[in-house]
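Colleague: Sequence first, then the predicted structure, then my questions.
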Amino acid sequence: MSHRLQVLIPEDLDRQIRKAAQRLRLSKGEWVRRALETALSRGALKLPPGGDPLARLESLEAPTCDIAEMLAEIESSRS
């Protein structure tokens, strides 16, 4: 099953993709699919050093609460 993905890109990038696709005699869509598959297989977009920042925050096991509660506490301490 296929899914549609709509991505807005700058004009210059669109021009580069169109030219690259033409050189390989591919549609822009096929070129983009192949580029995405290649990037994913190479791990091109990796997490920052130290791993997933949300996982790191969670590992701290710091106390949390509702944001409205937290803001109310901050405001009450200012009085």
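Modeller: Nice, I can see it. Computed from a prediction, not measured in an experiment: that's the story for all the values here.
Colleague: In three-state terms, how would the residue nearest the centre of the chain be classified?
Modeller: A centroid search over the chain (Cα atoms, centre = their mean) returns residue 45, at 8.7 Å, as the residue closest to the centre. Secondary structure, DSSP: H, G, I helix; E, B strand; the rest coil: residue 45 is coil.
Colleague: Find me whatever residue is spatially closest to it, sequence neighbours aside.
Modeller: Nearest residue to residue 45, sequence neighbours excluded (Cβ to Cβ, 6 or more residues apart in numbering): residue 39, at 6.5 Å. Quick note: C-beta positions are derived from backbone N, CA and C, even for glycine.
Colleague: Buried residues in the strand or helix carrying the one you found, which are they?
Modeller: Element membership of residue 39, judged by DSSP states H and E, is helix 28-42. Buried residues in helix 28-42, counted by 16 or more other Cβ atoms under 10 Å: 31-32.
Colleague: Show me what it is packed against.
Modeller: Applying 3 or more Cβ pairs under 8 Å, 6 or more residues apart in numbering; DSSP states H and E, we find helix 28-42 packed against helix 11-23.
Colleague: Check the offset of stretch 37-55 from the chain's centre.
Modeller: Taking the mean of its C-alpha atoms, stretch 37-55 sits 10 Å from the chain's own mean (Cα atoms, centre = their mean, to the nearest Å).
Colleague: Next one: residue 70, what pLDDT does it get?
Modeller: Listed pLDDT for residue 70 reads 86.
Colleague: ok, now residue 40?
Modeller: 86.
Colleague: now swap in residue 79 and tell me
Modeller: We have a pLDDT of 72 for residue 79.
Colleague: burial count for it?
Modeller: 4 (other Cβ atoms under 10 Å).
Colleague: wait, what's in contact with it?
Modeller: Not one residue lies near residue 79 by Cβ atoms under 8 Å, 6 or more residues apart in numbering.
Colleague: any residues touching the helix holding residue 39, and which ones?
Modeller: Outside helix 28-42, the residues that touch it by Cβ under 8 Å, 6+ apart are 17-18, 20-21, 24, 26, 44-45.
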